[in-house]
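> Fold the following, please.
(one chain, ligands or ions: 1)
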Amino acid sequence: SLATALSTAAFAQDLSGKVVGFSQIGSESGWRAAETSVTKQQAEERGVDLKFADAQQKQENQIKAIRGFIAQGVDAILVAPVVATGWDDVLKEAKDAEIPVVLLDRGVDAPEDLYLTSVASDQVEEGRVAGNWLVGDVGTEPCNIVELQGTVGSTPAINRKKGFEEAIAGHDNLKITQSQTGDFTRSKGKEVMEAFIKATNNGADICAVYAHNDDMAVGAIQAIKDAGLKPGTDIKVVSIDGVPDIFTAIAAGEANATVELTPNMAGPAFDALAKFWADGTEPEKFIITESKLYTSADDPQGEYDRRKGLGY
Ligand code: AHR
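Numbers count the residues shown, from 1 in each chain. From the prediction side, this is the model:
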């Protein structure tokens with residue numbers, strides 16, 4: 001569980017004296033904000049001097065920040081890459097400077113020898129878990145699904161789409177009728193859902209919304225209510241992240257399911273770096289975090305209480 005994952009930090013190694021740069025994407029979602037605070041917390045518990053750079057959703061800012069970290073001669077770099085492509089040059093520069101890079105929560109289309117390890121979920125699996133839940137819940141009824149995609153070109157948007165499509169393939173009663181990016185934000189999720197509803201007989205033809213993250217789902221819930229419909233009943237809501245607000249929505253019957261993504265990517269990243277610095281141990285190339293499904297059957301109020309304060 002999340003609480004256990006965070007409490008393992010009690011046994012964390014002392015890394016005082018190490019300077020680590022962290023290039024964060026921005027703060028588009030509640031999950032992202034939690035990852036930022038958990039990363040700072042995990043650094044502090046180990047005595048790491050963390051240099052934090054917020055890229056405001058722009059890859060060019062991330063590349064600039066990484067070049068700055070290299071120039072400063074940091075001991076390691078953590079990066080949550082906003083999109084998949086365009087990293088080869090800057091990763092080569094870090095490698096030439098012998099600075100290990102750890103990818104957090106998203107992947108890159110670059111040779112694997114350019115980074116030490118990647119700490120992330122299996123995002124195709126997250127999509128599958130969400131899709132399998134919907135297939136089971138819908139049964140044999142026809143179901144038109146609208147999809148709110150994450151940031152264009154990001155690995156979670158690409159992979160969560162793929163996994164969900166795999167899960168519904170072969171179930172001809174389920175089909176995706178509209179799909180557009182909501183950029184992982186609440187406001188875009190609401191705006192795009194409003195457009196989906198307008199385009200489909202005021203939502204009457206929509207059976208479910210699949211959002212690539214909870215924040216877009218929360219925005220969509222608002223749009224569904226504004227249209228005079230009942231989220232969770234008239235339109236089912238399934239998403240990914242497991243932020244406190246989605247548990248509130250599940251407890252209220254306004255959302256149906258979420259797939260948890262831990263915001264603690266930094267803990268395993270620092271553990272891998274600690275071993276690497278101690279005796280050169282190369283970590284696994286992909287450190288995969290769990291993708292657990294939660295529904296109204298899983299004590300959503302309790303899950304909310306357990307998360308509140310854990311960096312969210
Ligand atoms: O890369 C992880 C995704 O990025 C999270 O699911 C989403 O909330 C965030 O913006």
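> which bits of the stretch 51-200 of the chain sit near the ligand?
Within reach of the ligand by C-beta under 6 Å from any ligand atom, the stretch 51-200 of the chain has these residues: 105-106, 156, 184. Quick note: C-beta positions are derived from backbone N, CA and C, even for glycine.
> again, but for the stretch 201-312 of the chain
Counting by C-beta under 6 Å from any ligand atom, the stretch 201-312 of the chain sits next to the ligand at 213, 215, 240-241, 261.
> quick one on the thing from earlier: by neighbours, which of the residues of the stretch 51-200 of the chain next to the ligand wins?
Top of these by neighbour number is residue 184, holding 28 neighbours under the definition other C-beta atoms under 10 Å.
> Just confirm that one contacts residue 148, I think it does.
No - with contacts counted by C-beta atoms under 8 Å, residue 184 stays clear of residue 148, the gap being 9.0 Å.
> what residues are shared contacts of the two?
Residues within reach of residue 184 and of residue 148 at once, by C-beta atoms under 8 Å, 6 or more residues apart in numbering, are 212, 216.
> Taking the stretch 201-312 of the chain, what residue is nearest to the ligand?
Nearest to the ligand, among the residues of the stretch 201-312 of the chain, is residue 213, at 3.6 Å (C-beta to the nearest ligand atom).
> Isn't residue 230 up against residue 236?
No - checked against C-beta under 8 Å, the pair residue 230 and residue 236 is beyond contact range at 10.5 Å.
> Counting neighbours, go ahead and name the busier of those two.
Remark: of residue 230 and residue 236, residue 236 carries more neighbours, 21 against 12, as counted by other C-beta under 10 Å.
> In contact with the more buried one, which residues?
The contact partners of residue 236, by C-beta under 8 Å, 6+ apart, come to 134, 137-138, 207-209, 256.
> residue boundaries of the helices in the stretch 51-200 of the chain?
59-72, 88-96, 123-138, 155-168, 186-199 (DSSP state H, counting those that start in this stretch).
> Tell me the first helix or strand C-terminal of the lowest-mean-pLDDT helix or strand in the chain.
One helix or strand of the chain scores below all others by mean pLDDT, DSSP states H and E: helix 2-7, with a mean of 56. Using DSSP states H and E, the helix or strand that follows helix 2-7 towards the C-terminus is strand 19-24.
> I'd like to check the angle between the first helix or strand past that next one going along the chain and helix 186-199, please.
As assigned by DSSP H and E, the chain's next helix or strand after strand 19-24 is helix 30-46. Angle of helix 30-46 versus helix 186-199, following axes from the mean of the first three to the mean of the last three C-alpha atoms, to 10 degrees, is 160 degrees.
> buried ones in helix 30-46?
30-36, 38-43, 45-46 (16 or more other C-beta atoms under 10 Å).
> Give me the subset of these that also touch the ligand.
Contacts with the ligand within the buried residues of helix 30-46, counted by C-beta under 6 Å from any ligand atom: 31-32.
> Under a three-state scheme, what state does residue 258 occupy?
strand (DSSP: H, G, I helix; E, B strand; the rest coil).
> isn't it right next to residue 248, touching?
No - at 11.4 Å, residue 258 does not count as touching residue 248 under the criterion of C-beta under 8 Å.
> Neighbour count for these two, which is higher?
Neighbour totals were compared for residue 258 and residue 248, and residue 258 leads with 31 against 17 (other C-beta under 10 Å).
> so the more buried one bridges to which residues?
Beta bridges link residue 258 to residue 239, residue 294, judged by DSSP bridges.
> List the residues that contact it.
Contacts of residue 258 (C-beta under 8 Å, 6+ apart): 214, 217, 238-242, 246-247, 250, 293-294.
> again, only this time at 10 Å
By C-beta atoms under 10 Å, 6 or more residues apart in numbering, the contact list for residue 258 reads 129-130, 133, 211, 213-214, 217, 237-243, 246-247, 249-250, 292-295, 298, 300, 303.
> got it, and residue 22?
Counted by C-beta under 10 Å, 6+ apart, residue 22 has contacts 35-36, 39-40, 43, 48, 50-54, 65, 69, 74, 76-80, 102, 104, 266, 269.
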